[in-house]
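Student: Sequence and predicted structure below; questions after.
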Amino acid sequence: MSGIFLLTASFFASSVEMVEALTIILATGITRGWRSAFIGAAAGAAVLGVIILVLGATITTFVPLDALRVVIGGFLLIFGLQWLRKAILRYAGLKALHDEDRIYQAEVQELAKVSPSGAGLIDWVGFTVAFKGVLLEGLEVAFIVITFGSSASDDSVAGFSGIGLATVGAVLALIIVAIAGLVLHRPLAKVPENTMKCGVGLILTAFGTFWAGEGIGIDWVLEDVTILVLLGLYAVLSWAAVTALRRRTLVGATA
């Protein structure tokens, strides 16, 4: 996989999780104090960094590349198809759209109910919520960075390749989402997150198919361009599924 493909895929896949983590941090900061929220978020990010370094180095050192691509391709297919399934159900009207603003308000209300956790420098409720939010949302980012980076080719962009380049994509997503959060001081409700999640589901599914195929010995004639073909194929199939489900829902409603 070329460096540009890797950087772009890592950036967009990570952006979705960053938006959700931002919602938790903002809700925590407003209700429990910014010091505790920022310290908790930083601690969660530090743990994620260690996970990426340790697992990334272990995987790339001890696991054969073909076996790695089969396993990673399988995991990406599982993740991607789960995201696609949710997106299809949302667009078909069978599942509520993801509303970051509503989630933010619910977080604020829940945190406001909890009494202060002491007179120290850190509010431990705020610290724990921010830490857990960043860690849990970030675990998917860590998975994306490790899987994308360890299965990619050695093509580099600005001197970065593999896990390092995938990390750059994730860090760029973090910086952009963080700046937007600081400027707007509210969850990014205007970001078309449902569309982004659908796109990320397509990306994960396409990459999963591509890498799993490489791992079992398939020689893709179009090489990296095959990923774009797979993206188009899965997009058409998803659109067809949404159309069929909407039609079935309308028929059921009028019956």
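Tutor: It's in.

Student: how about S10, what does it touch?
Tutor: Going by Cβ atoms under 8 Å, 6 or more residues apart in numbering, S10 touches 144-145, 148-149, 165-170, 173. No exception for glycine: its C-beta is placed from N, CA and C like everyone else's.

Student: which regions of the stretch 151-255 of the chain sit below the pLDDT cut-off?
Tutor: 151-156, 158, 184-193, 251-255 (pLDDT under 70).

Student: can we see that at 80?
Tutor: Applying pLDDT under 80 to the stretch 151-255 of the chain picks out residues 151-163, 178, 180-197, 223-224, 249-255.

Student: Helices of that one, residue ranges please.
Tutor: 162-184, 193-215, 225-254 (DSSP state H, counting those that start in this stretch).

Student: for those helices, which one sits closest to D123?
Tutor: Smallest distance to D123 across those (Cβ to Cβ): 19.7 Å, for helix 162-184.

Student: Could you give me the buried positions within the closest one?
Tutor: In terms of neighbour count (16 or more other Cβ atoms under 10 Å), helix 162-184 has its buried residues at 162-163, 165-170, 173-174, 177, 180-181.

Student: One more: stretch 214-226?
Tutor: By 16+ other Cβ under 10 Å, the buried positions in stretch 214-226 come out as 214-215, 226.

Student: Could you do stretch 66-76 as well?
Tutor: 68-73, 75-76.

Student: Out of these, list just those in helices.
Tutor: Assignment to helices by DSSP state H places the following of those there: 68-73, 75-76.

Student: Is G29 in contact with A37, as I believe?
Tutor: Yes. Proximity of G29 to A37 meets the contact threshold set by Cβ atoms under 8 Å, at 3.8 Å.

Student: Neighbour count: the two, which is higher?
Tutor: Under the criterion of other Cβ atoms under 10 Å, the comparison of G29 against A37 puts A37 first, with 26 against 21.

Student: one step back: relative to L245, which of the buried residues of stretch 214-226 is nearest.
Tutor: Relative to L245, and with distances defined as Cβ to Cβ, the nearest of these is T226, at 28.4 Å.

Student: Could you tell me which residues make contact with that closest one?
Tutor: Going by Cβ under 8 Å, 6+ apart, the list of residues near T226 reads 210, 220.

Student: cool, the one 5 residues further on as well?
Tutor: For L231, the contact set (Cβ under 8 Å, 6+ apart) comprises 202-203, 206.

Student: next one: phi and psi at K86?
Tutor: Backbone geometry at K86, expressed as degrees, to the nearest 10, gives phi -60, psi -40.

Student: Not counting its neighbours along the chain, what's nearest it?
Tutor: Of all residues not flanking K86 in the chain, K95 sits nearest, at 6.5 Å (Cβ to Cβ, 6 or more residues apart in numbering).

Student: Then E20?
Tutor: Using Cβ to Cβ, 6+ apart and skipping residues adjacent in sequence, the residue nearest E20 is E137, 5.0 Å away.

Student: coming back round to it: now for G29 and A37: what residues contact both?
Tutor: 126, 130.

Student: C-alpha coordinates for stretch 80-92, CSV please?
Tutor: Taking C-alpha atoms only, stretch 80-92 is exported to CSV below (Å, rounded to 0.1, in the frame of the first residue of the first chain):
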residue,chain,number,x,y,z
GLY,A,80,-15.4,-2.6,8.8
LEU,A,81,-18.5,-4.7,8.3
GLN,A,82,-19.8,-3.8,11.7
TRP,A,83,-19.5,-0.1,10.9
LEU,A,84,-21.0,-0.6,7.5
ARG,A,85,-23.9,-2.5,9.0
LYS,A,86,-24.7,0.3,11.5
ALA,A,87,-24.4,3.0,8.7
ILE,A,88,-26.7,1.0,6.4
LEU,A,89,-29.3,0.7,9.2
ARG,A,90,-29.0,4.4,10.0
TYR,A,91,-29.5,5.5,6.4
ALA,A,92,-32.3,3.1,5.9
